[in-house]
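Asks: give me a 3D structure for the following:
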Amino acid sequence: MPLISRFQAIGEEEKTHAVRELIKQSTPDFDYFFMLVLSVLMATFGLLAGSESIVIGAMLLAPLLAPIMGLALGTSMSHHPLILRSLSTIGYSIAFAVGAALIGSFLFAFGGIGSGVNDVILSRTHPSLLYFSVAVISGLAVAYTTVRPNLSSTLPGVAVAVALIPPLAVFGIGIAMFNPQIIAGSFIMFAINVIGMVFAGMVTYSLMDVHHKRFIAEKTIQKEEERVEKEEEKVQEIKEKNEEMVQ
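Replies: Okay, the predicted model is just below:
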């Protein structure tokens, strides 16, 4: 089929670059979680204020697409370290995101701001096959874009289209409000989006035949771990110097 041939015709250099960049972007370091928390807080405030524009801005900040597509890449390559790494990052991302949303909700409640359960919040609690279809299309778009750097400008549009951060923010809001319906609906919404994107990404990367890039993935993961370790050592050194100055 011409379409499949198009995927298989993608150059080796582009595949290698895609694997490296995807692993780098999904590294669970301080930068990743800092941007994640900022995006969730912004989404939480936008949801509670009933402002769709603020929520859209929060989606553009979120780095959560990377580990989800990393999971798709690892699955297509049958690369267990990358699969476990991506699953771990996604798990920690959920914990950080829900925690940030919970704190943000309490801040709104304390300040007497917000409109309670509004239409913007409720729209993230009604999962359907339509949302799953959007997630599948988004997964195809992101996977293809990762190997086509000239199409990177389309990523913001995909980040807005697929619902990842808003459902997690609504999940935290639901906990703060002790609302089981909001909690269940938002989590299912998030889950079907992740499943749809991973499925589509896995199929796309398989068509591109990235399986033989496992060595590139292993080397990149190792380099990223070394980089994070060096950054932690530097932070520890600065911390010790500051403590010595205080004493």
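
Asks: hey, where'd the helices end up in the protein?
Replies: 2-8, 12-25, 30-49, 52-61, 65-77, 80-111, 119-122, 129-146, 155-161, 165-177, 180-208, 214-246 (DSSP state H).

Asks: for this structure, where's the lowest mean pLDDT among helices and strands?
Replies: Of all helical and strand segments in the chain, the minimum by mean pLDDT, DSSP states H and E falls on helix 155-161, at a mean of 62.

Asks: give the closest residue to the residue nearest the centre of the chain in space, chain neighbours not counted.
Replies: Nearest to the mean C-alpha position of the chain, by CA atoms, centre = their mean, lies L64 at 1.0 Å. Distance criterion CB to CB, 6 or more residues apart in numbering; nearest residue to L64, sequence neighbours excluded, is L164 at 4.9 Å. C-beta: built from backbone N, CA, C; applies to glycine.

Asks: can I get the helices of the chain in a markdown table with mean neighbour count?
Replies: Compiled in a markdown table, the helices of the chain are given as follows (neighbours: other CB atoms under 10 Å):
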| stretch | mean neighbour count |
| --- | --- |
| helix 2-8 | 10 |
| helix 12-25 | 18 |
| helix 30-49 | 21 |
| helix 52-61 | 18 |
| helix 65-77 | 25 |
| helix 80-111 | 18 |
| helix 119-122 | 17 |
| helix 129-146 | 20 |
| helix 155-161 | 15 |
| helix 165-177 | 26 |
| helix 180-208 | 21 |
| helix 214-246 | 12 |
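
Asks: M35 is in contact with A62, isn't it?
Replies: Yes. Judged on CB atoms under 8 Å, M35 makes contact with A62 at a distance of 7.2 Å.

Asks: which residues sit against stretch 121-129?
Replies: 47-48, 50, 163, 166-167, 169-170, 173-174, 181-182, 185-186, 188-189, 192 (CB atoms under 8 Å, 6 or more residues apart in numbering).

Asks: try 10 Å
Replies: 43-44, 47-48, 50, 52, 55, 114-115, 117, 131, 134, 163, 165-171, 173-174, 177, 179, 181-193 (CB atoms under 10 Å, 6 or more residues apart in numbering).

Asks: now do stretch 222-239
Replies: R20, I23, K24, S26, T27, P28, D29, F30, D31, P81, R85.

Asks: tell me the contacts of the fifth one?
Replies: It refers to T27. T27 makes contact with 63, 66-67, 70, 85, 89, 220-221, 223-225, 227-228, according to CB under 10 Å, 6+ apart.

Asks: let's see 7 Å
Replies: Residues in contact with T27 (CB atoms under 7 Å, 6 or more residues apart in numbering) are E224, V228.

Asks: how close does the nearest residue to F171 once chain neighbours are set aside get to F30?
Replies: Spatial nearest neighbour of F171, chain neighbours left out: S186 (4.4 Å); criterion: CB to CB, 6+ apart. Applying CB to CB, to the nearest Å, the value for S186 to F30 is 27 Å.

Asks: got it, and Q236?
Replies: 13 Å.

Asks: again with G57
Replies: From G57 to F30 the distance is 22 Å (CB to CB).

Asks: what of E21?
Replies: 19 Å.

Asks: ok, N242 next?
Replies: 17 Å.

Asks: same check on V203?
Replies: V203 is 33 Å from F30, by CB to CB.
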